[in-house]
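Peer 1: no FASTA, just this:
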Ligand SMILES: Nc1ncnc2c1ncn2[C@@H]1O[C@H](COP(=O)(O)OP(=O)(O)OP(=O)(O)O)[C@@H](O)[C@H]1O
């Protein structure tokens, strides 16, 4: 087990930010911590890293208790924090060299690692740039390079793609998968369910300081009743027909707006076929039809009653 968190409780005054949280991360995973803003992801990460004191519970990393002075353990951990933390007066190269130097003392070895990290995040043309000359996306990439240059076995990234352009975002996500393929275990926190679905091999869904569900995306989706969402373009649907469709057994919610009928099903079989038969039998003409599998947002909605999206 790479990380083992048992019964973690962290309070800020009256507020319980992390509430009896249990979390196990296994070697080789890309583990996703998915939850809305304020659900306690950063607080959990900061407790795991011993950057924050907590009120209750135990935390082990690589099988050993994590404490503020666990320097040997920290050598094996790479951290990419939510807020970019680099020195403004140092260049791109110097920043990465500084952070790598906290763990790698040999100059030649460090030079090779810094160059490798620069290539890895695609900052070859910006080595001598000061951070203030970099775009938001490039700054994030520098932040990542600083966290991973020393080749840690465990890499923790806290919302590394917030406010990043799509090109840098893809580069970051692909980079994380590559680090994992090279052997690093990854913990990735995000409130973007698409990203978590795309790269994570196992996911914990978090809300109000608790993990509500944990599993692969397939396991999480299998937990919920809502089977699919169907969209049908219909130019003229009467209220009477809408009510009949809404009253079907497996229909959990319908919404008709801007010529589109949206139906959420909870279970049932051949839902789409039955719907289209109904429309045809009643002379209701329709255009485009799409059917979507449940998303992690549907899982979140089902277990919390609210949307994961901002
Ligand atoms: N230093 C602090 N003092 C008081 N309350 C805090 C502090 N840090 C966080 N909180 C509160 O604790 C809760 C959890 O915050 P946390 O930052 O861990 O959530 P998060 O899921 O990481 O969200 P975000 O993505 O917005 O950072 C929130 O209600 C937040 O307002």
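Peer 2: Nice, I can see it. Here the structure is a predicted model, which means the values were calculated and not measured.

Peer 1: do stretch 15-32 and the ligand meet at all?
Peer 2: Yes: judged by Cβ under 6 Å from any ligand atom, stretch 15-32 comes into contact with the ligand at 15, 17. Just so you know, the C-beta spots here come from the backbone N, C-alpha and C atoms, and that holds for glycine as well.

Peer 1: that stretch - what's its average pLDDT?
Peer 2: Regarding stretch 15-32, the rounded mean pLDDT is 97.

Peer 1: with stretch 298-310 instead?
Peer 2: In this model, stretch 298-310 has a mean pLDDT of 77.

Peer 1: which other residues reach that stretch?
Peer 2: With contact meaning Cβ atoms under 8 Å, 6 or more residues apart in numbering, stretch 298-310 is reached by 34-37, 191, 193, 205, 207, 212-213, 220-221, 223-226, 229, 296-297.

Peer 1: where's the closest residue to residue 250 other than its chain neighbours, which helix or strand?
Peer 2: Nearest non-adjacent residue to residue 250, counting by Cβ to Cβ, 6 or more residues apart in numbering: residue 268, 2.6 Å away. Counting by DSSP states H and E, there is no helix or strand that carries residue 268.

Peer 1: and residue 268, what does it touch?
Peer 2: Counted by Cβ under 8 Å, 6+ apart, residue 268 has contacts 227, 248, 249, 250, 251.

Peer 1: in helices, which of the residues you listed appear?
Peer 2: Using DSSP state H, no member of the contacts of residue 268 falls in helices.

Peer 1: mind checking the SS state of residue 90?
Peer 2: What DSSP: H, G, I helix; E, B strand; the rest coil gives for residue 90 is coil.

Peer 1: repeat for residue 203
Peer 2: Relying on three-state DSSP, one would call residue 203 strand.

Peer 1: now do residue 277
Peer 2: At residue 277 the chain is in helix, as set by three-state DSSP.

Peer 1: pLDDT score assigned to it?
Peer 2: In this model, residue 277 is scored at 92, pLDDT.

Peer 1: for it, give its distance to residue 266.
Peer 2: The gap separating residue 277 from residue 266 is 20 Å, by Cβ to Cβ, to the nearest Å.

Peer 1: between the two, which one's more packed in?
Peer 2: residue 266 (17 against 11; other Cβ atoms under 10 Å).

Peer 1: who does that one bridge with?
Peer 2: Counting by DSSP bridges, residue 266 forms beta bridges with residue 226.

Peer 1: which residues of the stretch 51-200 of the chain lie near the ligand?
Peer 2: Neighbours of the ligand within the stretch 51-200 of the chain, by Cβ under 6 Å from any ligand atom: 159, 191.

Peer 1: for the stretch 51-200 of the chain, which segments are assigned as helices?
Peer 2: Applying DSSP state H, counting those that start in this stretch to the stretch 51-200 of the chain gives helices spanning 71-75, 92-101, 107-121, 136-148, 166-181, 193-199.

Peer 1: please produce JSON lines containing those helices, extended by mean neighbour count and mean pLDDT.
Peer 2: Below are these laid out as JSON lines (neighbours: other Cβ atoms under 10 Å; pLDDT from 0 to 100):
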{"stretch": "helix 71-75", "mean neighbour count": "14", "mean pLDDT": "90"}
{"stretch": "helix 92-101", "mean neighbour count": "22", "mean pLDDT": "97"}
{"stretch": "helix 107-121", "mean neighbour count": "17", "mean pLDDT": "95"}
{"stretch": "helix 136-148", "mean neighbour count": "23", "mean pLDDT": "93"}
{"stretch": "helix 166-181", "mean neighbour count": "16", "mean pLDDT": "91"}
{"stretch": "helix 193-199", "mean neighbour count": "18", "mean pLDDT": "91"}
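
Peer 1: which of those sits closest to residue 58?
Peer 2: Evaluated over those, closeness to residue 58 peaks at helix 71-75, with 14.5 Å, by Cβ to Cβ.

Peer 1: residues touching the closest one, excluding its own?
Peer 2: With contact meaning Cβ under 8 Å, 6+ apart, helix 71-75 is reached by 61, 62, 64, 66, 103, 150, 152.

Peer 1: which of those fall in strands?
Peer 2: When strands are assigned by DSSP state E, the members of these inside them are 61, 64.

Peer 1: which of the contacts of helix 71-75 are buried? Put it as a ChimeraX command.
Peer 2: Buried residues within these, by 16 or more other Cβ atoms under 10 Å, are selected in ChimeraX with:
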select :61,62,66,103,150,152
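
Peer 1: thanks a lot, see you next time.
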